[in-house]
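S.K.: Build me a model:
(one chain, ligands or ions: 3)
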Amino acid sequence: MSSSSITDFHHLVENIKAWGKALGFQQVGISDIDLSQHEERLKQWLAKGYQGEMGYLAEHGMKRARPDELLPGTLRVISVRMDYLPPNAKFAHTLKDKNKAYISRYALGRDYHKLLRNRLKKLGDKIRNECEGLFEELHYRPFVDSAPVLEHALAEKAGIGWQGKHSLTINKEAGSWFFLGELFINLPLPVDKPAEESCGSCNACITICPTQAIVAPYVVDARRCISYLTIEQKGAIPEEFRPLIGNRVYGCDDCQLVCPWNRYAQLTDEGDFHPRKTLEGQDLLDLFTWNESTFLSNTEGSAIRRIGFERWQRNLAVGLGNAPYAKEIVDTLQQALPEATTLVKEHITWALRQQHQKSFNEEATVKTERLTQRLIRSIEKGLPRDA
Ligand code: B12
Ligand code: SF4
Ligand code: SF4
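M.R.: Ligands and ions are numbered 1, 2, ... in the order given. Below you'll find the model as predicted:
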């Protein structure tokens, strides 16, 4: 690139977008750093305690809404989207079979954090190399969840997508099965047009959520969300939520599965996001019989490893408690009791109680079961490719 063209920021932005696409991002957008209208909403969210045990969300105060306080000198944020939906996702298939473990789609492949951060770093390096000598002290830093950045707000400003009522970012041509990442940079690049809110009068995600975690449009009380309960919650899962979790043992996708915009979701080319055979569509019982070293080897490089073996077993015990009565389940749970930690023991005992009750009353279905049946019908009808 010649130095006359590089000083033309419009031209540079075109190049940045092309470099981003060559690095595997499906979309690249640029925004300024004014998130002042989000500060009040963020304050309210924290004041209500919706972050639960995720203390880091509150620790940084309003820095989360002020990119130039996180990285001094930041003028623009380059936001990126990377799709993660593989072919043949079989969502309904796994949700339908109560003896199978439903693991949320994003977690079935390789952990995305490192992959996205490395690619964003490469994008920054590319900008630095191409602009060599033109700007004094070019600073940039990639973020992917890593620091407390308001990713949805930035993505919306950069035109990547709007924040849906389930609080996730959606794009009209790509649905919501994508990760977000950002590169903070101190160049005064021209910005993109923000994405327009397009949920309209739809409320499907709010209605389908098994735990009623979407407490108002755009607002999720994390403490009620199955994703939080199975991944972030460290101790016992509150009993009121256990029957509602069903067979979702790691994260939850229900609010995205019901979203009509996911009919337009695009499939990923990224081999790393394709599911691992050891995790996809497995029986709860099989996963429950893994020992710690099997857990560690089968989850190497996966986000699941972060929760550790104890929470993995805790979640599976809940899934087994929610499975239809089977003598094999009862026997396996009982055999696991003596060796289990106090936390897991308590969840196994709960699961045994559920199994026991179901052995007397096969009809015992909770409201959430009806919701899941409704969701399965909606996936089969609306997302036949991914059902
Ligand atoms: C903490 C966290 C969680 C928590 C809390 C989620 C939440 N909704 O807040 C838990 C563990 C529950 C979670 C779950 C999931 N997460 Co998460 N999570 C994050 C993280 C690290 C921070 C999110 C955050 O800041 N929450 C705090 C609240 C205050 O932020 P917010 O929702 O943006 O808040 C805004 C709205 O509430 C809005 N608002 C409030 N009132 C009002 C009123 C009106 C009128 C309007 C318009 C707006 C509005 O303003 C607030 C400020 O901007 C982000 C990465 C990041 N750094 O952003 C990933 C992230 C959001 N998660 C992601 C994913 C994939 C998930 C799951 C789908 C995983 C799964 N399958 O289990 C679920 C989905 C659950 C859901 N419906 O949100 C992706 C989403 C990608 C996308 N397409 O949007 C992200 C972006 C990670 C990434 N880098 O890709 N997550
Ligand atoms: S991820 Fe599941 S539990 Fe969380 S808000 Fe969405 S539907 Fe509700
Ligand atoms: S399900 Fe409906 S309300 Fe929810 S995010 Fe999708 S379009 Fe918006």
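S.K.: Quick check: phi and psi at the most centrally placed residue in the chain.
M.R.: Using CA atoms, centre = their mean, the residue of the chain that lies closest to the mean C-alpha position is residue 106, 6.2 Å off. Dihedral pair for residue 106: phi -70, psi -20, per degrees, to the nearest 10.
S.K.: how much space between it and residue 320?
M.R.: Plainly put, residue 106 is 24 Å away from residue 320 if you go by CB to CB, to the nearest Å. C-beta coordinates here come from the backbone N, C-alpha and C atoms, glycine included.
S.K.: returning to that earlier point: please look at the residue nearest to the centre of the chain and residue 84 and confirm they touch.
M.R.: Yes. Using CB atoms under 8 Å, residue 106 makes contact with residue 84 at a distance of 5.7 Å.
S.K.: Find residues that contact each of those two.
M.R.: 112, 177, 179 (CB atoms under 8 Å, 6 or more residues apart in numbering).
S.K.: Compare the residues you listed and tell me which has the most neighbours.
M.R.: Greatest neighbour count in the shared contacts of residue 106 and residue 84, by other CB atoms under 10 Å, goes to residue 177: 26 neighbours.
S.K.: confidence score at that residue?
M.R.: Predicted confidence (pLDDT) for residue 177: 98.
S.K.: Hmm, it is touching residue 108, no?
M.R.: No. Applying CB under 8 Å as the test, residue 177 and residue 108 come out as separate, 11.8 Å apart.
S.K.: and the residue of the stretch 151-300 of the chain nearest ligand 1?
M.R.: Scanning the stretch 151-300 of the chain for the residue nearest ligand 1 gives residue 251, at 2.8 Å (criterion: CB to the nearest ligand atom).
S.K.: so what pLDDT did that residue get?
M.R.: So residue 251 comes in at 98 (pLDDT).
S.K.: which residue packs closest to it, ignoring adjacent ones?
M.R.: The shortest distance from residue 251 to any non-neighbouring residue, by CB to CB, 6 or more residues apart in numbering, is to residue 104 (2.9 Å).
S.K.: and that neighbour, how many neighbours?
M.R.: Using other CB under 10 Å, residue 104 has 21 other residues around it.
S.K.: Next one, pLDDT for it please.
M.R.: The model reports residue 104 with a pLDDT of 97.
S.K.: Flag every residue of the stretch 251-387 of the chain that's near ligand 1.
M.R.: Contact residues (CB under 6 Å from any ligand atom) of the stretch 251-387 of the chain with ligand 1: 251, 252, 253, 255.
S.K.: give me every residue that touches the residue nearest to the second one when sequence neighbours are not counted.
M.R.: Meaning residue 252. Excluding its sequence neighbours, the residue lying closest to residue 252 (CB to CB, 6+ apart) is residue 226, at 3.7 Å. Counting by CB under 8 Å, 6+ apart, residue 226 makes contact with 210, 211, 213, 241, 244, 245, 248, 251, 252, 254.
S.K.: how about the fifth one, secondary structure?
M.R.: Assigned by DSSP: H, G, I helix; E, B strand; the rest coil, the conformation of residue 244 is helix.
S.K.: That one and residue 224 touch, don't they?
M.R.: No. Assessed by CB under 8 Å, residue 244 is found out of contact with residue 224, at 9.2 Å.
S.K.: which residues touch the residue lying closest to residue 380 once chain neighbours are set aside?
M.R.: Leaving out its chain neighbours, the residue that sits closest to residue 380 by CB to CB, 6+ apart is residue 387, at 4.8 Å. Neighbouring residues of residue 387 by CB under 8 Å, 6+ apart: 90, 91, 92, 93, 379, 380.
S.K.: try it again with 10 Å
M.R.: Counting by CB atoms under 10 Å, 6 or more residues apart in numbering, residue 387 touches 88-93, 95-96, 257, 376, 378-381.
S.K.: Can you give me the distance of residue 298 to residue 53?
M.R.: Residue 298 is 26 Å from residue 53, by CB to CB.
S.K.: Close to ligand 3: what parts of this structure are there?
M.R.: By CB under 6 Å from any ligand atom, the residues of the chain that approach ligand 3 are 164-166, 170, 199, 202-205, 258-261.
S.K.: Relative to residue 342, which of these is nearest.
M.R.: residue 166 (34.8 Å; CB to CB).
S.K.: Local confidence estimate at that closest one?
M.R.: We have a pLDDT of 98 for residue 166.
S.K.: That one: how many residues sit nearby?
M.R.: Using other CB under 10 Å, residue 166 has 25 neighbouring residues.
S.K.: where in the stretch 1-150 of the chain is pLDDT low?
M.R.: Residue ranges of the stretch 1-150 of the chain with pLDDT under 70: 1-7.
S.K.: Can you name the residues of the stretch 251-387 of the chain that neighbour ligand 2?
M.R.: So the stretch 251-387 of the chain meets ligand 2 at 252, 254, 255 (CB under 6 Å from any ligand atom).
S.K.: show me the residues around the closest residue to ligand 2 within the stretch 51-200 of the chain that make contact.
M.R.: Nearest residue of the stretch 51-200 of the chain to ligand 2, counting by CB to the nearest ligand atom: residue 166, 5.6 Å away. Counting by CB under 10 Å, 6+ apart, residue 166 makes contact with 176, 199, 204-206, 208-209, 213-214, 217-220, 225, 254-256, 258-259.
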